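Chemist: model the following, please.
(one chain, ligands or ions: 1)
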Amino acid sequence: MHEMQLTDINVIKKLLGKENFQFSKSLGQNFLINPSIAPRIAELGNASPEYGIIEIGAGIGVLTHELAKRAAKVVTIEIDKKLIPILDRTLAAHDNVKVINGDVMKIDLRELIAEEFKGMRVAVCANLPYYITSPIIMKLLEDELPIDSITVMVQKEAAMRLTAELGTREVGAITVAVRYYSEPKLLFNVSKGSFIPAPKVDSSVIRLDIHNSIGEELENGYENIDRDIFFRVVKASFAQRRKTLLNSLSSGLAMDKTDIRNILDRAGVRENSRAEQLTMEEFKQIAKQIQM
Ligand code: SAM
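Modeler: Residues are numbered from 1 along each chain as shown. The predicted structure follows:
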């Protein structure tokens with residue numbers, strides 16, 4: 001069968017027209033029309049014969065198609081049921097794709113991996129719906145899934161935050177979380193004209209290489225740090241990022257300033273520093289001192 005050009009606007013309009021499909025802004029539907037992007041995401045996102053790939057948000061299957069060509073198996077999760085009959089047609093040539101109609105936030109991904117990807121390494125690849133970029137990334141990381149990498153397209157601004165170096169202005173609580181679980185990398189930028197409809201801002205593709213995946217214990221220098229305390233410290237520090245650490249920690253953790261002053265002193269962190277100036281080691285030290 002002649003391969004359908006899923007990035008061709010005329011093909012897209014025809015496919016969508018048949019189903020009376022209207023793009024939903026609230027579901028973050030911006031489909032790729034630049035043909036060079038999905039192959040690059042698949043190549044850089046570990047789609048290869050030993051891998052099973054989880055995709056989030058299939059759209060009409062542009063990226064799914066590129067993933068299925070390269071990987072052992074693809075399971076794609078799409079929330080919009082109007083897209084399902086379209087995907088049945090656009091992905092008909094692949095017998096290694098499973099489409100799940102559902103909300104990624106409500107799906108037990110650990111169970112999905114155990115059922116669908118026996119004996120395979122697993123990676124996530126997606127052009128994410130931008131309205132829930134952070135919740136999706138946090139779910140993928142916090143669930144400590146047996147996955148090697150998360151390769152996703154996100155808004156450029158979000159990409160900056162997710163891949164920022166600690167100690168820079170772009171840092172937020174999520175930057176620290178990303179680095180706790182993974183090694184982030186900015187792969188390439190994608191202009192807003194690469195999508196239909198065109199979003200207001202440009203995008204970037206990033207990859208998070210998960211520390212010690214395949215279900216092993218996290219072994220990233222945090223073995224002796226209580227994860228809940230570590231993340232409470234991080235969240236409190238960034239909740240009022242312009243305030244000094246002394247103030248933000250004491251209000252965020254509901255602790256006496258005298259106690260916080262002692263903790264910071266023992267951790268070797270200046271009480272008037274701001275969250276964005278801290279290194280990973282300093283966050284760890286603060287958490288450690290609170291634990292003691
Ligand atoms: N992968 C396609 C592409 O690159 O052209 C579509 C990407 S589009 C930015 C995001 C897709 O995610 C949309 O198809 C949208 O319906 C879907 N989506 C939005 N929220 C979702 C959710 N909570 N769970 C699963 N899919 C979702």
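
Chemist: doesn't V124 belong to a helix?
Modeler: No: membership of V124 in a helix is not supported by DSSP: H, G, I helix; E, B strand; the rest coil, which gives strand.

Chemist: what residues are up against the closest residue to the ligand within the chain?
Modeler: With distances taken as Cβ to the nearest ligand atom, the chain approaches the ligand most closely at G57, which sits 2.1 Å away. Backbone N, C-alpha and C define where each C-beta goes, glycine included. The neighbours of G57, taking Cβ atoms under 8 Å, 6 or more residues apart in numbering as the test, are 28, 76-79, 104, 126-129.

Chemist: same question for R169.
Modeler: If a contact means Cβ under 8 Å, 6+ apart, then R169 has E276 as its contacts.

Chemist: quick check: pLDDT value at it.
Modeler: R169 carries a pLDDT score of 92 in this model.

Chemist: and what of I132?
Modeler: Note for I132: predicted pLDDT of 97.

Chemist: which parts of the stretch 1-150 of the chain sit against the ligand?
Modeler: Residues of the stretch 1-150 of the chain lying close to the ligand (Cβ under 6 Å from any ligand atom) are 27-32, 56-59, 62-63, 77-80, 103-105, 127, 129, 132.

Chemist: what's the farthest-apart pair in the contacts of G57?
Modeler: When Cβ to Cβ is used, the two most widely separated members of the contacts of G57 are G28 and T76, lying 15.3 Å apart.

Chemist: compare these two (neighbour count), which wins?
Modeler: Neighbour tally, G28 and T76, criterion other Cβ atoms under 10 Å: the higher count belongs to T76, 24 against 17.

Chemist: that's a strand at that one, yeah?
Modeler: Yes: in this structure, T76 lies within a strand as judged by three-state DSSP.

Chemist: hmm, back to that, redo the contacts of G57 as a markdown table? Include pLDDT.
Modeler: Rendered in a markdown table, the data for the contacts of G57 read as follows (pLDDT from 0 to 100):
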| residue | pLDDT |
| --- | --- |
| G28 | 96 |
| T76 | 98 |
| I77 | 98 |
| E78 | 98 |
| I79 | 98 |
| V104 | 98 |
| A126 | 98 |
| N127 | 98 |
| L128 | 98 |
| P129 | 97 |
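
Chemist: filter these down to the buried ones, PyMOL style.
Modeler: To isolate in PyMOL the members of the contacts of G57 that are buried, counting by 16 or more other Cβ atoms under 10 Å, one can use:
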select buried, resi 28+76+77+78+79+104+126+127+128+129
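
Chemist: now do the end-to-end distance for stretch 100-109.
Modeler: The first and final residues of stretch 100-109 sit 12 Å from each other (Cα to Cα, to the nearest Å).

Chemist: can you name the residues in contact with that stretch?
Modeler: Stretch 100-109 is contacted from outside by 54, 56-57, 75-79, 81, 84, 112, 132, 135-136, 139-140, 143, 145, using Cβ under 8 Å, 6+ apart.

Chemist: swap in 10 Å and give it another go.
Modeler: Taking Cβ atoms under 10 Å, 6 or more residues apart in numbering as the criterion, the residues outside stretch 100-109 that touch it are 54-58, 75-84, 87, 112, 114-116, 122, 124, 126, 128-129, 132, 135-136, 139-140, 143, 145-147.
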